[in-house]
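Student: Using only what follows, build the 3D model:
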Amino acid sequence: MSATVTLGYQVNRLGFWSAVVAIASGVVSFFIPLDVPGGYTAEHADRVAWLSANSGTFILGWINQIIAMLSISGVFFGMAWQIATRNPLRAVIAAMVVLISVVAFIVPKFIAVWTIPLLAETISTGAVGAELADPLLRLLNVSIPFSLYTSFDYLGFWLYAVFGLLVAGPLYGENASAKIAAVTIGLFGLVYHGLLAALLLGAITPPDIESSFLGASGLLLIVVVAMIVTFRRGMVAPPPATSNDPQ
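Tutor: Next up is the predicted model:
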C-alpha cells in the first residue's frame, strides 16, 4: 500500500471532519455569550459581577472557541496538503504558519478558561490577591481590541491571513469548490492586511476594530464550506493491504 495514498486519505478525512466540527461549533457560538452584555462599553464592575454569576457559561463558551480554532486549523492543514504536489515549499511554510497560529490562539483561550474566571471570583469575594487580580482582569479584557488578551487573537487571525496569501494561488484547482476556497481565502488575506494597514494609518478607531476585523473573518466560513466538498473528493479509501505489500 502506498504510504502517500494512505496519508492523503487520512489528511483529507481529517480536513473533512474538521470542517464539519468547525461549522457545528460556529453554530453553537451564537448561543453562548463570550463576555458581559455590552462588551467593549461595559463597566469593569459589571464585567466582574457578570463573570462571577456566569463563570460556567463563560468557560463553556471559550471551550467551544478552542474547539472551533482547532477544527479550523485542521481544515487549513488539509489545505496545505492539497497544494503539496503543486508547490511543496509553500505547503511546508503554510503548515508552519498554521502551527504558529494555534499557539497564538490557544494562549488567550486557555487564559479565558483558566485565569479570567479565577480573577473575577477573587475580586468579587475580596480574597487574598484581589488587589493584583483587578488590574490583571482589566488587562485581559476579552472585548477591548487593544488589551493583551485580544492582541493574541488578532495575531492569530493575521497568521490566518498570511496562510491565505500562501495557499490561494496553488489551491486554485480544476473543481469549483477548490476555486471558491482559493479565491475566498486569498481575498481574506488581502482584506485583513488592508485593514491592518488602515489601522496603523489611523483610519480605523478602536471601537470599530472588532466589527471591521472580525467581520472580515466571516469569509473563512465560505472557505470551510467549500473545502468540505474538496476534502470529500479526496476521501478515496486507500486500497486494502495485500500479502505483497511491505509491512
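Student: use CA for all of it now, contacts and neighbours both
Tutor: Noted.
Student: could you dump the one helix or strand residue 231 maps to to PDB, C-alpha only?
Tutor: Residue 231 is part of helix 219-234 when elements are defined by DSSP states H and E. The C-alpha trace of helix 219-234 is given here as PDB (Å, rounded to 0.1, in the frame of the first residue of the first chain):
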ATOM      1  CA  LEU A 219     -15.000  34.900   4.800                       C
ATOM      2  CA  LEU A 220     -13.400  31.900   6.500                       C
ATOM      3  CA  LEU A 221     -16.900  30.300   6.800                       C
ATOM      4  CA  ILE A 222     -17.100  30.200   3.000                       C
ATOM      5  CA  VAL A 223     -13.700  28.600   2.800                       C
ATOM      6  CA  VAL A 224     -14.700  25.900   5.300                       C
ATOM      7  CA  VAL A 225     -17.900  25.100   3.500                       C
ATOM      8  CA  ALA A 226     -16.100  24.900   0.100                       C
ATOM      9  CA  MET A 227     -13.400  22.700   1.400                       C
ATOM     10  CA  ILE A 228     -15.900  20.200   2.700                       C
ATOM     11  CA  VAL A 229     -16.600  19.300  -1.000                       C
ATOM     12  CA  THR A 230     -12.900  19.300  -1.900                       C
ATOM     13  CA  PHE A 231     -11.900  17.100   1.000                       C
ATOM     14  CA  ARG A 232     -14.800  14.800   0.200                       C
ATOM     15  CA  ARG A 233     -13.500  14.400  -3.300                       C
ATOM     16  CA  GLY A 234     -10.100  13.400  -1.900                       C
END
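Student: Which neighbouring elements make contact with that helix?
Tutor: Judged by 3 or more Cα pairs under 8 Å, 6 or more residues apart in numbering; DSSP states H and E, helix 219-234 is in contact with helix 3-29, helix 55-82, helix 176-200.
Student: what's the angle from the longest one to helix 176-200?
Tutor: Using axes from the mean of the first three to the mean of the last three Cα atoms, to 10 degrees, the inter-axis angle of helix 55-82 relative to helix 176-200 is 120 degrees.
Student: Give the other helices and strands that helix 55-82 contacts.
Tutor: By 3+ Cα pairs under 8 Å, 6+ apart, helix 55-82 packs against helix 3-29, helix 88-125, helix 148-171, helix 219-234.
Student: do the last one as well
Tutor: Secondary structure elements in contact with helix 176-200, counted by 3+ Cα pairs under 8 Å, 6+ apart, are helix 148-171, helix 206-216, helix 219-234.
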